[in-house]
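Asks: prediction below, plus the sequence it came from.
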Amino acid sequence: MICLQPRPDYSPERIFKVVFVGDSAVGKTCFLHRFCHNRFKPLFNATIGVDFTVKTIRLQNRVVAVQLWDTAGQERFRSITKQYFRKADGVILMYDVTSEQSFLNVRNWIDSVKAGVDENCVMCLVGNKVDLFANDHARALTFKHGQKLAEEFGMLFFETSAFTGYNVNDCMKAVAMRLQEREDEDLQEALKLDMGVQGKQRSWCCL
């Protein structure tokens, strides 16, 4: 099913492709539903193949759109999921803070992602379902576990709850801001290279 946000009165300056990956049942679809519709819908069937949603985000004085790809976490769909890493601007790697196995499997997902994306791809690690614990002492997987893994691979890191909405918007806004910053940096670099080429051409013409 494809869900598109109603067309706004303004056009986004840029559309970024962001792919969600992670084991089945970590909460990817619920997270996206919370972000796009600001409500929790608990009874989702497992994603079959790939769904996508488009959402606009206001970043200070500009508006961008994110094309959010929700992928299946089951092993039998891995080959399909890998196809959607191509040309991805960003990737959200999600695990369930109540499932140590889903956290351990993040490394496998990272390997798959890095094999298919550009080196400038923005990656964000998300530990979902934090609402199921009253505090860190009751958890096998703490904030520090996720933070350490994210730092190892140079990723953003957030703990979230699709159920309560905790950190969902902050996470997506941070990803969108990082994507926009990367694009601005790439544009500046391209301008420098272009000016350098033009300068060499002018020097050659003066000989």
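Replies: Here it is on my side, so go on. For clarity, every value in this text was computed on a predicted model and none was experimentally measured.
Asks: strands of this structure, start to end?
Replies: 3-4, 15-21, 50-59, 62-71, 90-96, 122-128, 156-159 (DSSP state E).
Asks: any chance of those strands in a markdown table, with mean pLDDT too?
Replies: Output for these, formatted as a markdown table (pLDDT from 0 to 100):
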| stretch | mean pLDDT |
| --- | --- |
| strand 3-4 | 48 |
| strand 15-21 | 94 |
| strand 50-59 | 86 |
| strand 62-71 | 91 |
| strand 90-96 | 97 |
| strand 122-128 | 98 |
| strand 156-159 | 98 |
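Asks: and of those strands, who's closest to residue 174?
Replies: When these are compared by Cβ to Cβ, strand 156-159 sits nearest residue 174, at 5.9 Å. Every residue, glycine included, has its C-beta placed from N, CA and C.
Asks: pLDDT below threshold where in the chain?
Replies: The chain contains residues with pLDDT under 70 at 1-10, 43-50, 73-82, 135-138, 193-207.
Asks: helices of the chain, start to end?
Replies: Assigned by DSSP state H, the chain shows helices spanning 28-37, 78-83, 100-104, 106-114, 143-152, 168-205.
Asks: neighbours of residue 55, just the number please.
Replies: For residue 55, the neighbour count with other Cβ atoms under 10 Å is 20.
Asks: my read: residue 179 touches residue 89, true?
Replies: Yes. Residue 179 lies in contact with residue 89 (Cβ atoms under 8 Å); the separation is 5.5 Å.
Asks: overlap in contacts, those two.
Replies: 16, 18, 122 (Cβ atoms under 8 Å, 6 or more residues apart in numbering).
Asks: what are the bridge partners for the nearest residue to the second one once chain neighbours are set aside, then?
Replies: Yep, that's residue 18 we're talking about. Computed as Cβ to Cβ, 6 or more residues apart in numbering, the closest residue to residue 18 that is not its neighbour in sequence is residue 90, at 4.2 Å. Note on residue 90: beta-bridge partners by DSSP bridges are residue 18, residue 122.
Asks: you'd agree residue 106 is up against residue 149?
Replies: Yes. Between residue 106 and residue 149 there is a contact under Cβ under 8 Å: 6.6 Å.
Asks: between those two, which one's more packed in?
Replies: More crowded of residue 106 and residue 149, by other Cβ under 10 Å: residue 106, with 24 against 19.
Asks: show me the contacts for that one.
Replies: 22, 93, 95, 125, 149.
Asks: please repeat the previous calculation with a cut-off of 10 Å.
Replies: 21-23, 26, 93-95, 125-127, 146, 149-150, 153, 155 (Cβ atoms under 10 Å, 6 or more residues apart in numbering).
Asks: measure it to residue 60 for me?
Replies: Using Cβ to Cβ, to the nearest Å, residue 106 is found at 31 Å from residue 60.
Asks: ok so, going back, any common contacting residues for residue 106 and residue 149?
Replies: By Cβ under 10 Å, 6+ apart, the residues touching both residue 106 and residue 149 are 93, 95, 125, 127, 155.
Asks: for those residues, pick the one with the most neighbours.
Replies: Among these, residue 127 has the most neighbours (other Cβ under 10 Å), with 30 neighbours.
Asks: pairing partners for that residue in the sheet, please.
Replies: residue 95, residue 159.
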